[in-house]
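Asks: Sharing a model that was predicted from the sequence below.
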Amino acid sequence: MDREALSVRLLHRWSRAAARFDDENLVSCAGLVPVMALAEQAGLSDLVSDAVKITDPPIASTGVNPAGKIAS
């Protein structure tokens, strides 16, 4: 069965916009702070360390500290 890719056309043009942050307490990655705190409280690092084992990785450092790689 032959399939043809559908074309997608944008109906609106992106206009240039400037973001202005007037709160000095804003943090660029603040959305990750509560998520990572919850993950740590739930024991995600321990779960990943126990469950994820990378055997015979193509690069030696790939299998080292999988929990740390997920959190970074």
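Replies: Nice, thanks for sending it over. Numbers count the residues shown, from 1 in each chain.

Asks: count of neighbours near G63?
Replies: 15 (other Cβ atoms under 10 Å). C-beta: built from backbone N, CA, C; applies to glycine.

Asks: Could you tell me the model confidence score at the residue lying closest to I70 once chain neighbours are set aside?
Replies: In space, and not counting its chain neighbours, I70 is closest to V48: 5.7 Å by Cβ to Cβ, 6 or more residues apart in numbering. Per-residue confidence (pLDDT) for V48: 86.

Asks: now A67
Replies: 76.

Asks: so it is in which element?
Replies: Using DSSP states H and E, A67 falls within helix 66-71.

Asks: now for that helix, which elements pack on it?
Replies: On a contact count with 3 or more Cβ pairs under 8 Å, 6 or more residues apart in numbering; DSSP states H and E, helix 66-71 meets helix 44-51.

Asks: hmm, who's touching the helix it packs on?
Replies: Contacts of helix 44-51 with the rest of the structure, by Cβ atoms under 8 Å, 6 or more residues apart in numbering, involve A39, P66, A67, G68, I70, A71.

Asks: again with stretch 54-72
Replies: So stretch 54-72 is contacted by M36, A39, L44, S45, D46, V48, S49, V52, K53 (Cβ under 8 Å, 6+ apart).

Asks: Brilliant, that's me finished.
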